[in-house]
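Chemist: Coordinates only, no sequence provided:
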C-alpha cells in the first residue's frame, strides 16, 4: 500500500514538473539584439525586421485587438523583400533606438509583406493615394486602433518620420475626436472610391468603338523607345499583349511595329540582365537603361508569354533567345525543388566593402570588364555602350545595347555567326566573373497567383518553341498548386513557405490559377485541368462574387478583419483579378455551354466600358476581352485519335482569337459531344455553336479561321 502511495506521489510530482509552463527562451541574433514578434513569421521581408528595436507585430486579429485594448494608434508599415527604399527606411528609422522608443511607447506597430497580404496593401494604398495623390513602397500608414487610416505616406527620412510620430501621438492624446472625425471621412471616401457603376444599358461591342478607344491611347505611346511615354518606365506586358493582338486583328501595321520595337528596346536595355537573363521591374529613365534592379517572378512570367506571342507572329530569332535566357534564369534562380517558383530577387546586394548597394551584383567598372573580357575589348565596349555618355554613378556601367546587330555587323565587318560566338563568349566570361560576387537575396516564399502566371509562361513557351522541358516544368508547377495550394472544397491558399500553405487565397489567386489550368488543358487536352478550373470557378462564384455589382471582391466572404472589401478592376503590371475572371467565365461558358457564365462575363465588361474610354491603358486586359466580342472569336474542337497532333500544329500559328478543345476518345464535355469518329480526326471551327464543315487537315482549319 505504501509503495502504491509513493508511486502515485512521484507520478504527480513528475506530471506537475512536465506541465509547468516554462519561460520561452528569448531569441537573439549574433549582435545580441532581441527579437520581436516577427521572429515567428515565415515571410523573408518580415524576418528581415525581426531584430529591429521596434516592437513589430504581424497583421492579425490579436495585433488589432491589442491596439484597441491599449487605445493606441497603429503604425502599419508595408513593403516587400526586394524593395530598395524599404531597406533604406529600415536602416535610417526602424533600426534607430530613439525612433523605436517613440513607436513602442505610443503605437502598436504592424509590419506587412505586401506580397503576402495584397488585401491589406490595397486598402492602405488607397488611403495614402487619397491623402497625398500618390503611392508607393515603403507604404506607411497611421490608423485608429480599429484600423481606420488617419495619416499616410511612402518613404520618410529619419527627421520626417520622427516629426510624424510625435505630432500624431500628441494629436491623438490631446484631441482624439478630431482624429476620429478625419478617419470617418477618409474611410467613407475609400469606400466610395471603390464603388462599381453598374451599367444597365446594352453595350455594342464593335470594331468602330474599339478603334476609337485605341486611337485615344496612341498619343501616349513612346514610338521611339517603346512602351508608354515618360519615366519611370515599366514593361507592362498586358498592354503590349493587347496592342499586338489588336494590330493583327485590325490590320494596324504601325501599332505592330511599336510593339516589336518595344520588345527589342527592352531586351537591349539595362532592364534586361545581359549576362544572366531575366528582367528587372522597371527603369528610372525613358530608354530602358538604368533599372531598379529587383527581379520579380510576375514580370518575367508575363514577359515570357509576351515574347512567345511575338516570336510566333514574327519569327524574330532574337525573341526566341530572350525567351530561352529568361526561362534559364527562372529555372536556376527562382525554382524550388517541388516545382514551385520563388517570388523575387533583391535589388540590393553586398559589396566588397561589406555594405549593401543597389545593383551591386549587376554593375561593372572598366577595370572589372578589362579583367573579365581578355580579348576583343573594343568590340565589347561598342556593343554594350561602355563609354562616358553611358556611365552611371560611381564610375560604373550597366550593359546596354543601342545598335541593332545589322548596324553593328556593318560597322565592324562581322558576320552574324561571328557576332553570336563573341556574345556567347562575353556572357560566359562575365557570368564566371560574377560568380565570385555576393548574390542578391531571394524572397523564397511561393505565391499562388504568381506561380500560375509562371506556369502559363512555360506553357506559352512550349507551344511556340516545342521544348518538352518547358511542358514538364509547367505540369510540375500545376501539380504543386493542385496538391499543396488547392483544398478539396475548391478554395486556394495564397502563400507557401517552409512546407506550409498559409493565408486564405485572394481573387487574384483564383483568377490566375483558373486561367493557367485552362491553358494547360488546351496544351495537354487532359480534361482534369479543365474540370479543376471549373471547380475553382464555382468556389469563386460562391465566396467572391457580388451579385449587386456583377463583379468579384478581392477578398472572400471568409475574411473578417478588414475595414472594407475592395474590388480590383484596373489592369496594372499584373492584370486585375476581375478582368482575368471575366475572361475565364467567357472561356468556361464556351467549354460547358454555360449561358450564365457568358452573361456574367459580358456584364462585367459592360460595367468597365465607360472607364476604358477615359484611360484605355489602365484596362488593357479588359480590352483583350473586348476583342472577343468586337471581332470574330472561334471555338476549335478537335476530335479523333490524332487530336494531340492536330492541336500541336494549330499551336504553331499566332491565333489569339480561338479557344481549343480536343479529345482522342469520345468526350462528355459539352463542346466535344457527338463529334468523335473512330476512323478520322476532324477539326470543327465554330462561332457561338454554329460550325463550318469539319476538316481533317490543320491548314484547312487555319484557312477557315483567317477568312
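Modeler: Happy to help now that I have it. Since the structure is predicted, the reported quantities are computational estimates derived from the model, not experimental observations. Residues are numbered from 1 along each chain as shown.

Chemist: And the helices in the stretch 301-450 of the chain, which stretches?
Modeler: 317-333, 366-372, 377-383, 405-412, 416-434, 448-465 (DSSP state H, counting those that start in this stretch).

Chemist: out of the ones you listed, deepest packed?
Modeler: helix 448-465 (a mean of 27; mean count of other Cβ atoms under 10 Å). Bear in mind the C-beta positions are built from the backbone N, C-alpha and C, glycine included.

Chemist: which helices and strands does that one pack with?
Modeler: helix 297-314, helix 317-333, helix 468-480, strand 493-497, helix 507-524 (3 or more Cβ pairs under 8 Å, 6 or more residues apart in numbering; DSSP states H and E).

Chemist: Just name the shakiest helix or strand of this structure by mean pLDDT.
Modeler: helix 2-19 (a mean of 38; mean pLDDT, DSSP states H and E).

Chemist: hmm, who's touching the next helix or strand after that one?
Modeler: On the C-terminal side of helix 2-19, the closest following helix or strand by DSSP states H and E is helix 44-48. Helix 44-48 has contacts (Cβ atoms under 8 Å, 6 or more residues apart in numbering) with 38-39, 41, 56, 58, 79-81, 86-87, 90, 111, 113, 115-116, 441-445.

Chemist: What residues of the helix or strand harbouring residue 611 count as buried?
Modeler: Take DSSP H and E as the rule and residue 611 turns out to sit in helix 595-612. Neighbour counts over helix 595-612 (16 or more other Cβ atoms under 10 Å) mark 597-598, 600-609, 611-612 as buried.

Chemist: from the residues you listed, which is closest to residue 506?
Modeler: The shortest approach to residue 506 among the buried residues of helix 595-612 belongs to residue 604, at 17.5 Å (Cβ to Cβ).

Chemist: ok, back up a step: quick check: angle from the next helix or strand after the helix holding residue 611 to helix 595-612?
Modeler: Helices and strands here follow DSSP H and E; after helix 595-612, the next one along the chain is helix 620-630. Put simply, helix 620-630 runs at 120 degrees to helix 595-612, going by axes from the mean of the first three to the mean of the last three Cα atoms, to 10 degrees.

Chemist: tell me what helix 620-630 is packed against?
Modeler: helix 207-217, helix 237-249, helix 577-591, helix 595-612.

Chemist: Run through who's touching the helix or strand following the second one.
Modeler: Meaning helix 237-249. Counting by DSSP H and E, the element after helix 237-249 in chain order, helix or strand, is helix 253-268. For helix 253-268, the external contacting residues (Cβ under 8 Å, 6+ apart) are 214, 218, 221, 223, 225-227, 235, 240, 243-244, 246-248, 272, 279, 287-288, 303, 306-307, 310, 314, 316, 318-319, 322, 400-402, 404.

Chemist: can you give me the helices for the stretch 101-250 of the chain?
Modeler: 118-132, 158-174, 176-193, 207-217, 237-249.

Chemist: Nearest the middle, which residue of the protein would you pick?
Modeler: Centroid check for the chain by Cα atoms, centre = their mean gives residue 298 as the closest residue, at 3.4 Å.

Chemist: Do I have it right that that residue meets residue 573?
Modeler: Yes. Between residue 298 and residue 573 there is a contact at 7.0 Å, judged by Cβ atoms under 8 Å.

Chemist: Now render the helices and strands packed on helix 620-630 as a markdown table, adding mean pLDDT and distance to residue 437.
Modeler: As requested, these are exported to a markdown table (pLDDT from 0 to 100; distance: least, Cβ to Cβ, whole Å):
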| stretch | mean pLDDT | distance to residue 437 |
| --- | --- | --- |
| helix 207-217 | 96 | 42 |
| helix 237-249 | 98 | 29 |
| helix 577-591 | 98 | 38 |
| helix 595-612 | 95 | 46 |
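
Chemist: mind checking which of those helices is nearest residue 483?
Modeler: Nearest of the helices and strands packed on helix 620-630 (Cβ to Cβ): helix 577-591, 21.6 Å.

Chemist: Buried residues in that closest one, which are they?
Modeler: 577-591.

Chemist: Next, the closest residue to residue 313 other than its chain neighbours: phi, psi?
Modeler: Once flanking residues are discounted, residue 313 sits nearest to residue 654: 4.2 Å by Cβ to Cβ, 6 or more residues apart in numbering. Backbone geometry at residue 654, expressed as degrees, to the nearest 10, gives phi -80, psi 100.

Chemist: about what we covered before: can you redo the helices and strands packed on helix 620-630 as CSV with distance to residue 197?
Modeler: Converted to CSV, these look like this (distance: least, Cβ to Cβ, whole Å):
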stretch, distance to residue 197
helix 207-217, 18
helix 237-249, 23
helix 577-591, 14
helix 595-612, 7
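
Chemist: For residue 120, find the nearest of those.
Modeler: helix 577-591 (15.7 Å).

Chemist: Show me what that closest one is packed up against.
Modeler: Using 3+ Cβ pairs under 8 Å, 6+ apart, helix 577-591 sits against helix 507-524, helix 527-543, strand 551-552, helix 595-612, helix 620-630, strand 658-663.
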